[in-house]
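only the shape, not the letters, is given here:
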């Protein structure tokens, strides 16, 4: 635990002196280097929390805390995340075509609120490059012993009516490496993407993926927190029809009431201000269906993690909380969960 707390005391203050995306890239580059060196990975294992295994989707998770998609979009540091003690890791969002994302700056910190706003826009290397990278991890013998999810989304330049073909390209290229696949239809930073949550569009997408999914890879859908009840009912109905393995609740929110108007930015808000909204959605989903839920949004400490489990979540994902708390967060959550 002492090693874990060193992040908050020493590492975070230094990283927060840097522009957010620069700090993120520097951290990811360091973890990529560590991922290629066994001795450095062994040092990271000091941060691991005690095991609390759980089985879901036919997969065994060493503990219920995963790294949410968005942190390691291109799968460059998968071995390091396992060494740090995550129970699973989700890479992506990966798109069929490589794309640079939106113009910089595109990540904004609000430390006094434990919050971030991002408008990255699915910046990633594309499905072909990521597939080759994942093949390298497997062939090198460094593939982790934790479940790896792959989150896929629509390329920005692909018209919405061609979205299924776009997702299918990524699915075909990446499925062999994934323990589960997530269809991201809820990022606020790709124009029109959230319309894929509508019943007809989601049905067409899930039908296309289901017909291609001959090995019954677990398919999950990641949804927005900004849904009205009727929309949620439609999504749950379609997910049940196509036997979706799970729902990830939630992505970032476009509701920024907690941000002072003179500091607000366009993009998706994450962190503590998202907690209540995303937790309420977890509860609404689990009240309506037996489809398992992975909770993401505002998990900043043990108390917020417990609230997600009490709302019905089976697994948890962290992103913003890990930026602010580091490895301490994993320890606190694991110690607090039954």
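Thanks, I have the structure now. No experiment lies behind these values; they were computed from the predicted model shown.

pLDDT on stretch 199-211, on average?
Average pLDDT, stretch 199-211: 98.

and residue 116, what does it touch?
20, 107-110, 269-271, 320, 323 (Cβ atoms under 8 Å, 6 or more residues apart in numbering). For glycine as for every other residue, the C-beta is placed from the backbone atoms N, C-alpha and C.

ok, 7 Å please
Contacts for residue 116 (Cβ atoms under 7 Å, 6 or more residues apart in numbering) come out as 107-110, 270-271, 320.

what's downstream of the helix or strand containing it, the next helix or strand?
Using DSSP states H and E, residue 116 maps to strand 115-118. Using DSSP H and E, the next helix or strand after strand 115-118 towards the C-terminus is helix 127-139.

and that next one, what does it pack against?
helix 163-174 (3 or more Cβ pairs under 7 Å, 6 or more residues apart in numbering; DSSP states H and E).

and the next element down the chain from the strand of greatest length in the chain?
Criterion DSSP state E: the longest strand present in the chain is strand 88-94. Counting by DSSP H and E, the next helix or strand C-terminal to strand 88-94 is strand 107-110.

give the pairing partners of that next one; include direction for each.
strand 115-118 (antiparallel) (DSSP bridges).

which parts of the stretch 201-338 of the chain are helices?
Using DSSP state H, counting those that start in this stretch, the helices of the stretch 201-338 of the chain run over residues 229-241, 275-288, 302-310, 320-325, 327-336.

tell me which of the ones you listed approaches residue 124 most closely.
Between residue 124 and those, the shortest gap by Cβ to Cβ is with helix 320-325, which sits at 19.1 Å.

which helices and strands sit right next to that closest one?
Using 3+ Cβ pairs under 7 Å, 6+ apart: helix 320-325 touches no other helix or strand.

that one: how far from the chain's middle?
Mean-position distance between helix 320-325 and its chain equals 13 Å (Cα atoms, centre = their mean, to the nearest Å).

next helix or strand past the helix or strand of the chain with the lowest mean pLDDT?
In the chain, no helix or strand scores lower on mean pLDDT, DSSP states H and E than helix 2-6, which sits at a mean of 73. Later in the chain than helix 2-6, the nearest helix or strand by DSSP H and E is helix 12-15.

still on that earlier bit, please identify the most buried of the helices of the stretch 201-338 of the chain.
helix 320-325 (a mean of 24; mean count of other Cβ atoms under 10 Å).

quick one: low-confidence residue ranges for the chain.
Scanning the chain for pLDDT under 70 picks out 1-4.

which positions in stretch 250-263 come out as buried?
Within stretch 250-263, the residues that count as buried by 16 or more other Cβ atoms under 10 Å are 250-253, 256, 259.

er, stretch 97-106 I mean
97-99, 101-102, 106.

for it, give me every contacting residue.
Counting by Cβ under 7 Å, 6+ apart, 19, 21, 118-126, 129, 155-157, 189 sit against stretch 97-106.

mind putting the helices of the stretch 201-338 of the chain into TSV with distance to residue 50?
Shown next, in TSV, are these (distance: least, Cβ to Cβ, whole Å):
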stretch	distance to residue 50
helix 229-241	33
helix 275-288	25
helix 302-310	14
helix 320-325	18
helix 327-336	6
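
among the ones you listed, which comes closest to residue 89?
helix 320-325 (11.5 Å).
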